[in-house]
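**Q** Could you look at this predicted model? Sequence included:
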Amino acid sequence: MKPKFLLCPGTGYSATTPLYYTLAVNHKYCHGGFDKEYELLPTLYYKKSNRLKDYLYHYKYRFRRHQNIQPFDNGTYKKYGFKRERHPEVEYNNPYTKLDPDYYYSRPISLEKYIKYYTELYHDIKDIYHSVCDFTTANGNLPLWFLQKIAPKLQEHFDIKVLIINRDPVRRLFSEVNVRYQKDSYGFSSATQMFFYVLDNPTGRHFGLHRQYENFNVLSYHTDVVSNYSQVFSDVLEISMESFWDGEDTLSDFLGYKIEHLYNNCYHPFMGSNPPHYRYLADQWMSDKEELTEEDYDRAKLYWHR
């Protein structure tokens, strides 16, 4: 029997961390090994696309994640200012895996190494967890041609389910822009001003938003992820963050495993720039430092309606 493998390619800023904790910590359904996001596939994508600069950037990014530190383009940590703290059961030094981090976070980068990582992880955790998982949100940006290239090999080794979580696209993008604005204001006077600039230029590659991915559009991001993965994998479920935390459960049937106790979520119910500071969820409560007014929210919705 093939190892079970749950792929969750985002979408980013849609409560993927609380979803991961719900499955990994509260229910012992799946485990990702050293980190929620292994980040190897985006790095491999850059390599296959002959984008050396982006490949080296992402390789360095993976190494910093390996050290459990939030990285920035300029190599400093001052503006965002925290060391990412994960739940002990899924932390880098978690007690469940015997994998060698120096090997799995070093060159060469290959699909074979990705497969070996999750195969060995499955054998380490199979007596406690039902599945391995990769919650790398950057996987949601991988183009269709790349998914078509890697999927047959992955399906040869794993029984794969794809879980995609989406959030109100206005609030999702505003959270992401808030984070980028905290790193570097890029001359904008507010995160809101930067937000509407992005909406006016939805296919632009700016501010570290989805670095150098092909055919990217912020307005169709959430639907593009579902479309691309559904064309390549047969077992795909999309859930709404808001509906899931309100009690709508399609996930249990999809996994064949009862999911009852949801982890805390700073994004729902929505509390703007003053959410509770739950431990292990700093990547959520550090994001929205600025309020989006109702008027600006309604104005932003029109971009998607068009």
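**A** Ah, there it is. Numbering: from 1, shown residues only.
**Q** would Ile164 count as being in a strand?
**A** Yes: the assignment for Ile164 is a strand, going by DSSP: H, G, I helix; E, B strand; the rest coil.
**Q** Now it: closest residue in space, sequence neighbours ignored.
**A** Closest residue to Ile164 apart from its sequence neighbours, by CB to CB, 6 or more residues apart in numbering: Glu238 at 4.7 Å. The way it works is simple: take the backbone N, C-alpha and C, and place the C-beta from them, glycine included.
**Q** For the helix or strand where that neighbour lies, buried residues please.
**A** Assigned by DSSP states H and E, Glu238 belongs to strand 236-240. Neighbour-count burial for strand 236-240, counted by 16 or more other CB atoms under 10 Å, picks out Val236, Glu238, Ile239.
**Q** Show me where the stretch 101-250 of the chain has its strands.
**A** Assigned by DSSP state E, counting those that start in this stretch, the stretch 101-250 of the chain shows strands spanning 131-134, 159-166, 236-240.
**Q** Name the strands paired with the last one and say parallel or antiparallel.
**A** Strand 236-240 has the following strand partners under DSSP bridges: strand 159-166 (parallel).
**Q** any idea of the mean pLDDT in the strand it pairs with?
**A** For strand 159-166, mean pLDDT is 98.
**Q** what sits up against that strand?
**A** By CB atoms under 8 Å, 6 or more residues apart in numbering, the surrounding residues in contact with strand 159-166 are 1-11, 14-16, 19, 131, 140, 154, 172, 222, 225-226, 229, 233, 235-241, 244, 251, 254-255.
**Q** quick revisit: export the strands of the stretch 101-250 of the chain as CSV, with columns for distance to Pro202.
**A** Listed next are the strands of the stretch 101-250 of the chain as CSV, based on distance: least, CB to CB, whole Å:
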stretch, distance to Pro202
strand 131-134, 27
strand 159-166, 17
strand 236-240, 21
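**Q** Pick the most buried one from these.
**A** Among the strands of the stretch 101-250 of the chain, ranked by average contacts under mean count of other CB atoms under 10 Å, first place goes to strand 131-134 (a mean of 25).
**Q** elements contacting that strand?
**A** On a contact count with 3 or more CB pairs under 8 Å, 6 or more residues apart in numbering; DSSP states H and E, strand 131-134 meets strand 4-7, strand 30-31, helix 111-125.
**Q** Quick one: the helices in the stretch 101-250 of the chain, in order.
**A** Taking DSSP state H, counting those that start in this stretch as the criterion, the stretch 101-250 of the chain carries its helices at 101-104, 111-125, 144-157, 169-183, 191-200, 221-232, 241-245.
**Q** and the angle from the second one to helix 144-157?
**A** For helix 111-125 against helix 144-157, the angle between stretch directions is 40 degrees (axes from the mean of the first three to the mean of the last three CA atoms, to 10 degrees).
**Q** Can you point out the buried residues in helix 111-125?
**A** Across helix 111-125, burial judged by 16+ other CB under 10 Å covers Lys113, Tyr114, Ile115, Tyr117, Tyr118, Thr119, Glu120, Leu121, Tyr122, Asp124, Ile125.
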